[in-house]
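Undergrad: Task: produce atomic coordinates for the following.
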Amino acid sequence: MSKVLFLNIPSHGHINPTLGLVEGLVKQGDEVLYFTTEEFRKKVESMGATFISYGSKSDFFVPKNKKPGKSILDDLLNRIDEVLNRADIIEYILKQIQGMKFDYIIYGSMFPYGNVISQILNIPAISSFAVFAKPKVFMEKGNEEFIKNHKATDTYQKLYMKLETLYGIQMPPMLDLFFNKGELNIAYTSELFVSNIKEEYDDSFLFIGPPVYNRKEKIEFPFEKINGRKVIYISLGTVFNSIDTKLYETFFKAFSDYDGIVVMSAFKMDISKFHIPENFIVQNYVPQSEILKYVEGAITHGGMNSTSDLIYNNVPFVTIPIGADQRYIASRVSELGATICLNKDNISPQLLSDSMKRVITERKYREAVEKISISFKDAGGYKKALMEISKFKILHSIE
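TA: As a prediction, the model looks like this:
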C-alpha cells in the first residue's frame, strides 16, 4: 500500500476537483494524508483520506494586503512576496509529518511550496492543476525590469539561498510558485479547451476533463419549487463573489419579471439590504450539479469549476469575470463561441437580460457548449488519471 502526502490550498475551486481523485486512490489501496484547513475536513474525510490541518499556519493562505496593485503583475508579485515571507509553513508541515515515510506527493499547482517539499522529502511529485492559465502578460517584454526591481525578487533570492543551504534544493523560478509542475501534471479540462496547449504544456500534462464524482454533500434545497419550471442559475463563486455587491442589485432587477425561478448562490454574503424578488431562491450554498439538471441558462463568474459544470451539463451561459484566471477562462469560452462575456463595470439589467435571452434562444451558443462538453466527456476523467498514476508508481518502483 502506497502512502501519499497531499498538499493543497484551502479553496473550493482547488479542493473539489481533487476529491474524486483521492477517493479513487483510497479505493485502490493508497493511504492519503491530506493537508488543508478545518473548513474542508468533512469533504476530505468523506473520501477516505486522513485530514491534517494547517493549524496555526492557516492564515498563510489569506492575503494580508487586499489593496489592488499597479497592475496584474504587481498584484501577483505582491502576493508572491507575502508567501515568501511566510515560508515557515514549510517547517510546520515537516514537523507535522516527522517520522512518517511517504512514497509520493501530490500538490495543488498553486500551493507555492509543493515542489520544495517534494525535493526535501526526495519523493516523486504529481501536480494538480485546478487552475491552468499561465497569463502571458507576466512573460511579455518590458516586464523584466519591473520584476527585477520588485521587493519580491529580493525576498525570493534570500529564501532561495536559505533553502539551498539548509536542504541542498533549488526553488522553482519565482513566477512559477503559483504554477508548480510535477513529474506528472493532472489538469481538469480537455485539450480542446486549452488555447495555447503546444506553447505552454508538455507531455507531462494529462487533460482528464472536469471533475465528476459523488460529492456526498447533504445540502438542503427546495427542488419542488423548480420542478417543472423554467430556471436560471446565478453564481459568482466563493472567492470574489462579494467584491462588487452592485452586481446583485443588477441581477434582481434584470430577472424580477422572469417567468420562471432564479436560483442564486450568495456564498457568505449579507444580502438583507436588497429587495429580493419573489421568483428568486437565494442560498448561501446550493447543490450546483443537481440544480443544473433543471436550468435553461446561467450566469457565472468564469471560475474553472463552475464553467466546467455548466458546459458538462450543456447549459448555455453568460460570463461576468471578476478576478484571478476568470478573464482568461471567459475569453477562451468566448473564443469557442459558447458564451457572451460581459464587463462587470459596464453592465445594466437590460443588457444582462438581453444577453441571457440570446444564449438561451440562439442555437449557436448551445451547439458550442455541446461541442466542448463532448470533449470533456471524452477526456477520460478520474479513471484515466488513476491509470497514469499507476504507471507513475511502476516507473518509481512504488507498490
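Undergrad: Quick check: next helix or strand after the lowest-mean-pLDDT helix or strand in the chain?
TA: Of the helices and strands making up the chain, the lowest-confidence element is helix 197-200, at a mean of 70, by mean pLDDT, DSSP states H and E. Per DSSP states H and E, the first helix or strand lying C-terminal to helix 197-200 is strand 205-207.
Undergrad: Give the pairing partners of that next one; include direction for each.
TA: For strand 205-207, the paired strands and their directions (DSSP bridges) read strand 184-187 (parallel).
Undergrad: what about the partner strand, average pLDDT?
TA: Averaged over strand 184-187, pLDDT sits at 96.
Undergrad: got a pLDDT number for F240?
TA: The predicted local confidence for F240 comes out at a pLDDT of 52.
Undergrad: same check, this time on the one 3 residues further on
TA: At I243 the predicted local confidence, pLDDT, stands at 55.
Undergrad: likewise E164?
TA: At E164, the predicted lDDT confidence score is 93.
Undergrad: list the contacts for it?
TA: Contacts for E164 were tallied using Cβ atoms under 8 Å, 6 or more residues apart in numbering; they are Q170, M171. Where C-beta positions appear, they are placed from N, C-alpha and C, glycine not excepted.
Undergrad: and it, which of the three is it?
TA: The local conformation at E164, judged by DSSP: H, G, I helix; E, B strand; the rest coil, is helix.
Undergrad: how close does it sit to D176?
TA: E164 sits 17 Å away from D176 when distances are taken as Cβ to Cβ, to the nearest Å.
Undergrad: And for G337?
TA: Using Cβ to Cβ, one gets 32 Å for the distance from G337 to D176.
Undergrad: Does F221 touch V286 like I think?
TA: Yes: proximity of F221 to V286 meets the contact threshold set by Cβ atoms under 8 Å, at 5.8 Å.
Undergrad: Looking at these two, which is more packed in?
TA: More neighbours sit around V286 than around the other of F221 and V286, counting by other Cβ atoms under 10 Å; the figures are 20 against 15.
Undergrad: Would you verify that the more buried one is located in a strand?
TA: No: the assignment for V286, made by three-state DSSP, is coil rather than a strand.
Undergrad: Ignoring the adjacent residues along the chain, who's closest to it?
TA: In this structure, V286 finds its nearest non-sequential neighbour in S265, 4.9 Å apart by Cβ to Cβ, 6 or more residues apart in numbering.
Undergrad: Could you tell me how many residues sit around that neighbour?
TA: A total of 22 residues lie near S265 under the criterion other Cβ under 10 Å.
Undergrad: who touches E31 in this structure?
TA: M1, S2, K3, V4, T50.
Undergrad: Phi first, then psi, for it.
TA: Main-chain dihedrals, E31, degrees, to the nearest 10: phi -100, psi 120.
Undergrad: ok, the residue nearest to S118 when sequence neighbours are not counted to F6 distance?
TA: Residue nearest to S118 in three dimensions, not counting chain neighbours: A125, with 3.9 Å by Cβ to Cβ, 6+ apart. A125 is 11 Å from F6, where distance means Cβ to Cβ.
Undergrad: Are there residues contacting both of the two? Which ones?
TA: Both A125 and F6 are contacted by I105, I106, Y107, under the criterion Cβ under 8 Å, 6+ apart.
Undergrad: Kindly reformat these as a markdown table containing distance to E278, secondary structure and neighbour count.
TA: Converted to a markdown table, the shared contacts of A125 and F6 look like this (distance: Cβ to Cβ, whole Å; DSSP: H, G, I helix; E, B strand; the rest coil; neighbours: other Cβ atoms under 10 Å):
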| residue | distance to E278 | secondary structure | neighbour count |
| --- | --- | --- | --- |
| I105 | 51 | strand | 21 |
| I106 | 47 | strand | 25 |
| Y107 | 47 | strand | 26 |
